[in-house]
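# Predicted structure and sequence below. I'll ask about it afterward.
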Amino acid sequence: MHPASKAIDNSANRKRALISAALTTIAQISKIGVGFAFIKLVAVYLGADGMGQLGHFMSVVTILSLLAGGGVVNGLIKYIAQYKAKPKQFINMIAVSKAYSLIFCIVVCILGCGFSSYISEYIFKTPEYYWIVVFLSVAQFGFAFTNLVTGVSNGLRDTKTYAKIQIVGNVLVLPVSWILIQGFHFVGAAVSMVLFFSFYSIPALYFYRKSIFSKLRIGYRYQTEGFKRLLAFTLMASVGAVSVPLVEIIIREQLIEHVGFAAAGIWQASIKLSSAYMGFFTIFLAVYFMPMVSEKAKVSEITPLVFKFMKLVMAIFVLGAGTFYLLRQYLIPLLLSAEFVDLEALIKYQLLADFFRVTTYVVSFVVVAKAALKIYLFSELTQGLVFCGLSLAFLNNGLGVQGVFFAGLVMNVLYFSVSMIGLVIYKKRGK
């Protein structure tokens, strides 16, 4: 290649990389912003009690957003990145993923609609909101479609498409949520939670229709071997998606019983704030880190990458968390409402816990990228059980909501320590 042509290509690549990075940053800012705005609306119109009452449904929606279509996003990212230079395997993987996701969605929809009254009774304490459960059961088809589109685009490192889907979805959902929560309060907030994830399917459909995949008309392929490989990612996603929200439901029930709805609302507000900013790190690692790890086979290539990203996320988190903590007396009433003033004394536990958790995320993504099912399942189940056990013990000893915050910190420190030991062993064995 002529030197001038090579220089032009390099310049074009740098420009594309900068545009992708800028769009991804805007997407994450928009998602975090909308997440904070939603929490603010709930805090203002429903208060701490309402936040506590809505908590169970928030957990259920979170579970379905992650598991919709089988929770195969990380599997798609892995295999699309792996097969992008092998057209036959590439197309086959997409067709198998479509069939797998459709079957999963149908099963979930049947169960959700069939048991809607019972589910409503448990999460809302009344069967009259069964229709919201039915609405969610149907909406998860849209969740799954978005997951397929973003999984393929991220596997191809087409971060611009993913970013645009996030930005458009976030812009669409905020005014609708505002109208619904302001006008219908509790019901409006519950419906808005479903729409929060549903609206991403609108731009996802637009980009799918514009892509080559729409023209190729890739069908559905039922393949035993392909289903088995995706099942490993479903199990990993299920444990991660179900264990944490399920533990949250158990702890929230105990908080309500021991301290009341307001305390449950304080804790719920904290974990929703945490989810909003931690989402940035999850997506950042899924979009940039995981495809890099999936393409590498040697431990000598993977471990330097792990430590590099670990230092990066630690630095970013310390900067953001430090600023938030110093300004907590102004930011917590601003992001929530004056009703949540008790959170100012407790937020330090959440921030410290999230510091250890975000660092451990890097190691977790290596486990997912290499489909180390047993390790992932064991670690997710263990941390869920430890957190639940510690929280219940502290609650029963009269520590109240502070005990739950402290339990989260202890669990994340333990998880971080075990992950670091595992990483050192992994590096030494060189496998």
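That came through fine. Residues are numbered from 1 along each chain as shown.
# What count of nearby residues applies to the nearest residue to Arg357 once chain neighbours are set aside?
Counting by C-beta to C-beta, 6 or more residues apart in numbering, Asn412 is the residue found nearest to Arg357 once chain neighbours are left out, at 4.8 Å. C-beta: built from backbone N, CA, C; applies to glycine. By the criterion of other C-beta atoms under 10 Å, Asn412 has 24 neighbours.
# Give me the below-cutoff pLDDT ranges for the stretch 301-431 of the chain.
For the stretch 301-431 of the chain, applying pLDDT under 70 flags the ranges 301, 365-377, 426-431.
# can you rerun that using 80?
For the stretch 301-431 of the chain, the stretches with pLDDT under 80 are 301-307, 361-381, 419, 421-431.
# Which neighbouring elements make contact with the helix or strand hosting Ala81?
Following DSSP states H and E, the helix or strand that holds Ala81 is helix 73-83. Packing contacts for helix 73-83, counted by 3 or more C-beta pairs under 8 Å, 6 or more residues apart in numbering; DSSP states H and E, involve helix 87-114, helix 130-155, helix 224-258, helix 290-294, helix 347-369.
# rank these by pLDDT, which is bottom?
Here the helices and strands packed on helix 73-83 differ in mean pLDDT, and the lowest is helix 290-294 at a mean of 67.
# continuing past that one, what's the next helix or strand?
Next along from helix 290-294, by DSSP H and E: helix 299-326.
# Let me know the angle separating that next one from helix 347-369.
160 degrees (axes from the mean of the first three to the mean of the last three C-alpha atoms, to 10 degrees).
# C-terminal to helix 299-326, what's the next element?
helix 328-335.
# which parts of that next one are buried?
Within helix 328-335, the residues that qualify as buried are 328, 331-333, 335, counting by 16 or more other C-beta atoms under 10 Å.
# who does the helix or strand containing the residue nearest to Arg357 touch, helix- and strand-wise?
Here Asn412 sits within helix 400-429, counting by DSSP H and E. Contacts defined by 3+ C-beta pairs under 8 Å, 6+ apart place helix 400-429 against helix 224-258, helix 261-284, helix 299-326, helix 347-369, helix 373-396.
# do that again at 6 Å, thanks
Using 3 or more C-beta pairs under 6 Å, 6 or more residues apart in numbering; DSSP states H and E as the contact test, the elements touching helix 400-429 are helix 261-284, helix 347-369, helix 373-396.
# and those helices as CSV, adding distance to Ile32 and mean neighbour count?
What follows is the helices and strands packed on helix 400-429, written out as CSV (distance: least, C-beta to C-beta, whole Å; neighbours: other C-beta atoms under 10 Å):
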stretch, distance to Ile32, mean neighbour count
helix 261-284, 5, 21
helix 347-369, 14, 21
helix 373-396, 24, 18
